[in-house]
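Asks: Here you go, sequence then predicted model.
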Amino acid sequence: MGYTVLQIAKSKAATFQLTQHIERIIIPKNCDPSRTHLNRELITFPDGVKNRDEAIVHRINNAGIKRKISDKQVRAICIILSGSHDDMNRIETEGQMGNWCNDSLKWLDETFGKGNTVSAVLHLDETTPHIHATVVPIVKGERRKAKQEAENGKRKYRKKPTDTVRLCADDVLTRQKLETYHDTYADAMSKYGLQRGIRGSEARNITTSQYYRELFAKNEELKENIDKLLQKQTDTEKKLSQVKSEVSKEKFKNAKAEMEANLMDGVNSLFGNSKVKQQQAKIEQLQSENTSLKDENHSLKTEMQTLQKEYTSTTDKLRAELKKIYDLFPNLRELLSIERMCRLVGFPDDLTKRILSGKKVGFKGSLYSAEYKRNFSTEHSTAQIEPEPDKPGKLRLVIDGVDVIEWFRFKYREFQRSIGINWTNKEVGKGRKM
C-alpha cells in the first residue's frame, strides 16, 4: 500500500510565475510535452474570469469581507495532492483518475469550505500525476488570537459577531489542523490503496526550483570538468612537444658521439665506452616517458569524448524515438489531437477509445467548451472522426454531423435563446460568429 502526498504552502499574492507553471503557459523541463494535452482544469472559472490569478481576486471581492485586507496578508494557499509514484500510475492505468480527482475536490470543499477552492489543475505530463489546487483562506467567526485572550481573561475590546467573514490563513494553517488535513485526506484516499505517511517523517519532496538548481549545478560541474580536461590535454601536448625536442637533440648528440667513438675507438675502449652507454640510457628513458605521455593524452581525449557524448545522448535518443514513431504512424499526430480534444470536452476514456477506433458512438450527458467556459448537456448525440474537408490527411471530431466547435456554438445559441437573448442573422454577421 502506497502513501498519500499533501503539500500546503502560503502565497501572499497572485503569483504570476506559479500560474504560468500550473497553466503550462511556459512548458517546464521536467515534463513530457507529448502528454501536456492530457492536463485538465477541474474547476470552471466564473464568467469573466480567465485564469487562476483572476479567480483569487474574484473570490476575495465576492466573499463579503468588510475588513480592509493589508498588503502582507496571505491571499491564497497552494496545495499539491498526489500519492506514491507507482500507485498514482496504477490509478491512471485502471481508469480511476477521474474518480480520484472528484474525491480530492470533494475533500477540498469539505475541508476548506465550498467555493474557496478557486482552481484545481490535474497534471499528467510529469513523472507522477498530481493536482495543483489554489484555496482562498476565507473563514468565519472570531479571530483565534482574540478568542484565546478572551479565554485567558485578557479581552480588551467588544466581542465581534461569530459569523464575520475574514481572510485569515493563520486560522486555517495551525499545527493541529495541518495534522488533521493529512489524516482526513488519507481517509478519503484509502479506497485507492493509499494511506497516511509516517508521522514525524523527515522525508521532504524536492521543489521544482530546487530541481532546476541542482540540474544547473550538475551541468556547471560537468562543464568545469571538461574545461579541466581540455587544459590538461593542452599541458600534456606542450610537454609532449618538449620531450620530442629533447629526444631530437639527444639523437643528434648520440650520432656525434658515435662518430667520435669510431674515430677514437682506442680511447673509448680505455674508458669502457661509458659516455656512449650513458647517452643511450638517457635516450631510452626519454622515449619511455614519451610513450607514457602519449598514452595519457589518448586517455584524456577518450574521457573528454565520453563526457561530451553523455551530455547530449539523452536528448538525441528521445528525438530519434519520437521521429521514428511519427514516421511509422503518419496519422498519429492527428489521432493525438483528436484524443486531446475528447479529453478537453470531457469524454471518458472508454468512450474516447471507441471514437479513436473510427466508430460512430452514441452518448448523452454534458460536454465542456473551453471557448464559452461552460458545460452543455445533450440527451442523445453521436460522435465520430471524419476527414477534414479540403485538407488531405487531416481529421476532425464531429458531433451530430457537424464539427465539434460548430456544435458548441449551436448549443450556446440555444442557451442564449433560453435566457431571452435572440441573435438575428444581420447582428451575427456584424459581430462575433456564433
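Replies: Received, thanks.

Asks: Which parts of the chain are strands?
Replies: Shown for the chain, the strands assigned by DSSP state E span residues 2-11, 40-41, 76-83, 117-123, 130-135, 138-140, 165-167, 194-195, 361-369, 374-387, 395-399, 402-403.

Asks: Can you lay out the ones you listed as a markdown table showing mean pLDDT?
Replies: Formatted as a markdown table, the entries for the strands of the chain read as follows, by pLDDT from 0 to 100:
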| stretch | mean pLDDT |
| --- | --- |
| strand 2-11 | 88 |
| strand 40-41 | 90 |
| strand 76-83 | 92 |
| strand 117-123 | 93 |
| strand 130-135 | 94 |
| strand 138-140 | 89 |
| strand 165-167 | 88 |
| strand 194-195 | 92 |
| strand 361-369 | 94 |
| strand 374-387 | 94 |
| strand 395-399 | 94 |
| strand 402-403 | 94 |
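
Asks: Tabulate these (TSV), appending distance to Gln285 and mean neighbour count.
Replies: All C-beta atoms are positioned from the backbone trio N, CA, C, and that covers glycine. Output for the strands of the chain, formatted as TSV (distance: least, Cβ to Cβ, whole Å; neighbours: other Cβ atoms under 10 Å):
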stretch	distance to Gln285	mean neighbour count
strand 2-11	66	17
strand 40-41	74	18
strand 76-83	67	22
strand 117-123	66	22
strand 130-135	66	23
strand 138-140	85	18
strand 165-167	83	18
strand 194-195	71	20
strand 361-369	83	15
strand 374-387	80	14
strand 395-399	77	19
strand 402-403	85	14
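
Asks: Make TSV out of the ones you listed and add distance to Leu222.
Replies: Below are the strands of the chain laid out as TSV (distance: least, Cβ to Cβ, whole Å):
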stretch	distance to Leu222
strand 2-11	31
strand 40-41	37
strand 76-83	31
strand 117-123	29
strand 130-135	30
strand 138-140	49
strand 165-167	47
strand 194-195	38
strand 361-369	46
strand 374-387	47
strand 395-399	44
strand 402-403	50
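
Asks: Can you list the low-confidence ranges for the stretch 251-400 of the chain?
Replies: In the prediction, the stretch 251-400 of the chain carries residues with pLDDT under 70 at positions 252, 255-276, 311, 315, 318.

Asks: List the residues that contact the closest residue to Asn39 other than its chain neighbours.
Replies: Of all residues not flanking Asn39 in the chain, His123 sits nearest, at 5.4 Å (Cβ to Cβ, 6 or more residues apart in numbering). The contact partners of His123, by Cβ atoms under 8 Å, 6 or more residues apart in numbering, come to 22, 31, 39, 129-132.

Asks: ditto for Ala9
Replies: So Ala9 contacts 77-79 (Cβ under 8 Å, 6+ apart).

Asks: Also Thr128?
Replies: By Cβ under 8 Å, 6+ apart, the contact list for Thr128 reads 82-83, 85, 88-89.

Asks: Can you mark which positions in stretch 299-310 are buried?
Replies: Residues of stretch 299-310 classed as buried by neighbour count (16 or more other Cβ atoms under 10 Å): 300, 304.

Asks: Can you name the residues in contact with that stretch?
Replies: Identification of contacts with stretch 299-310 by Cβ under 8 Å, 6+ apart yields 222, 225-226, 229-230, 232-233, 236.

Asks: Filter the residues you listed down to the buried ones.
Replies: Neighbour counting over the contacts of stretch 299-310 (16+ other Cβ under 10 Å) leaves 229, 233, 236 as the buried ones.

Asks: Just the ones of the residues you listed in helices?
Replies: Using DSSP state H, the subset of these located in helices is 229, 233, 236.

Asks: And those, which is closest to Lys411?
Replies: Proximity of those to Lys411 was ranked by Cβ to Cβ; the top entry is Leu229 with 64.9 Å.

Asks: ok, the closest one - contacts?
Replies: With contacts taken as Cβ under 8 Å, 6+ apart, Leu229 has the following neighbours: 300, 303-304, 307.

Asks: run the last query once more with 6 Å
Replies: Contact partners of Leu229, counting by Cβ atoms under 6 Å, 6 or more residues apart in numbering, are 300, 304.
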